[in-house]
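[1] build me a structure from this.
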Amino acid sequence: MQRKLRVLFFVEGFTDIRFVAGLSQICDLTMAVPAHAYAESGLKNRVAASGAQLVVHEIPGGRLAFQVRSFLYLWRVARTFDVILAQEVLRGALNATLVGALRGVPVVTYMGIAPVEYFRCRRERGRIGIVGALVGEAVIRTLMTINGRLATRCLAMGPYLRDIALRSCPRSEIGLYYGVDVDRFRPADAMERARLRRLLNLPVRQFLVLLSSRMSHEKDPETVLRGVALARARGLDAVVLNLGGGFHEFIALARALDLGDISEWVIGRPAVHPISEVPDYFRAVDAVVLASLAEGAAYSTLEGLACMTPVVATAVGGMAVQLQGYARLTPRQDPGAIADALIEIASDAEAARARMRPGRDHVCREWSREKAFQDLRHILTTVAFGVERHREAA
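    Sure thing, here's the model as predicted:
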């Protein structure tokens, strides 16, 4: 029997249990992680509870200490693996690509965000000055260039990020990360939605909007809140729910925007388990809304499509590319357009859901979990075996 591919997944920050669990099923997996982030993010507990078969190496220390220790770790263990899969394309990936090049081990980087575009949002929000913005962008571009040249292959989440990755790595192609579990993210009829809302202690009769997003500099929750407030002012009895680790920030933001008595229509809840609990929220709501200043792939919008829940999203980045023809796309920072979209959906909710059928079909065909890990297995195997044949020939 042919042995399973030996893969080291090298993580520099946070990653998703859905990817870890799926990756563990297609290879003999070892994961190297920063110890603090691994525990703080909750991933450590989720891995333990998942039953996934993998080995985890926790590397202690802050940013600088992790950089040094992870380089030494990679140097020591690299040749025990067929391929190294490195999260993202910046400082953590630099260690992996350098060691891979020096030790003769193929390295695949995985781009899940648009690094320069996301970083520019910090400047747009006034979180860094002009000098910091110029220096930071120069560092990011340099790291992307070095990693792009050294990596055996770069996978990027969707066509938009693939095109960005190609600028620094000509060996880039689309990767689907953990994909969408279309068996869990599936449509629900009116009776099922009512049942789910009661189960989840959500408003049963109001028009319920889901913003399933972390609070981060590239996201635009302000526009979502203002859009829902405008829709309410025009007569739609709408409620917005933020589901994520930064829900306290979301509630505080709503108060700071002076949108009236938010206790009547703004709900924040902590993140729930992405495999067993999140899908029910997408199935229960009337609309999924995501506003962003910049965006890579926006999986929450694809999950909404899979549930045939109407999706409203900003026409930026990956959302503009991937959702065209399937979701209601709105201009950047335009709460009026979001309000218009919500009122239109509410005017005939069942017809709006029926129009989502092509979107679900698209996700099932192009973004499913099954396809994501089948494609990833093929790419990792091709990269590892191709390099091995090259070594033998040399």
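[2] with adjacent residues omitted, what lies nearest to residue 288?
    Spatially, and ignoring its direct neighbours in sequence, residue 288 is nearest to residue 304 (3.3 Å; CB to CB, 6 or more residues apart in numbering). C-beta: built from backbone N, CA, C; applies to glycine.
[3] what pLDDT does that neighbour get?
    For residue 304, the model assigns a pLDDT of 97.
[4] any idea which element it lies in?
    helix 299-306 (DSSP states H and E).
[5] in this structure, where is pLDDT below threshold?
    The chain contains residues with pLDDT under 70 at 1-2, 387-394.
[6] returning to what we had before: quick one: contacts for the residue nearest to residue 288?
    210, 282, 288, 310, 311, 327 (CB atoms under 8 Å, 6 or more residues apart in numbering).
[7] need the residues you listed in CSV with secondary structure and distance to residue 361, can you?
    Shown next, in CSV, are these (DSSP: H, G, I helix; E, B strand; the rest coil; distance: CB to CB, whole Å):
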residue, secondary structure, distance to residue 361
210, strand, 22
282, helix, 17
288, strand, 17
310, coil, 15
311, strand, 14
327, coil, 14
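[8] just to revisit the earlier point, paired strands for the next helix or strand after the helix holding residue 304, with orientation please.
    Next helix or strand after helix 299-306 toward the C-terminus (DSSP H and E): strand 311-314. Strand pairing for strand 311-314, determined by DSSP bridges: strand 287-290 (parallel), strand 328-330 (parallel).
[9] mind putting the ones you listed into CSV with mean neighbour count and distance to residue 56?
    As requested, these are exported to CSV (neighbours: other CB atoms under 10 Å; distance: least, CB to CB, whole Å):
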stretch, mean neighbour count, distance to residue 56
strand 287-290, 26, 31
strand 328-330, 21, 40
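[10] closest one to residue 52 out of the contacts of residue 304, please.
    residue 282 (23.5 Å; CB to CB).
[11] now the closest residue to the closest one other than its chain neighbours: how far from residue 120?
    Nearest non-adjacent residue to residue 282, counting by CB to CB, 6+ apart: residue 307, 4.6 Å away. Distance of residue 307 to residue 120, computed by CB to CB, to the nearest Å: 32 Å.
[12] and these two? which has more neighbours close in?
    residue 307 (28 against 20; other CB atoms under 10 Å).
[13] who wins on neighbours among the contacts of residue 304?
    residue 311 (29 neighbours).
[14] check contacts around that one.
    Listed by CB under 8 Å, 6+ apart, the contact partners of residue 311 are 287-290, 301, 304-305, 323, 326-328, 356, 359.
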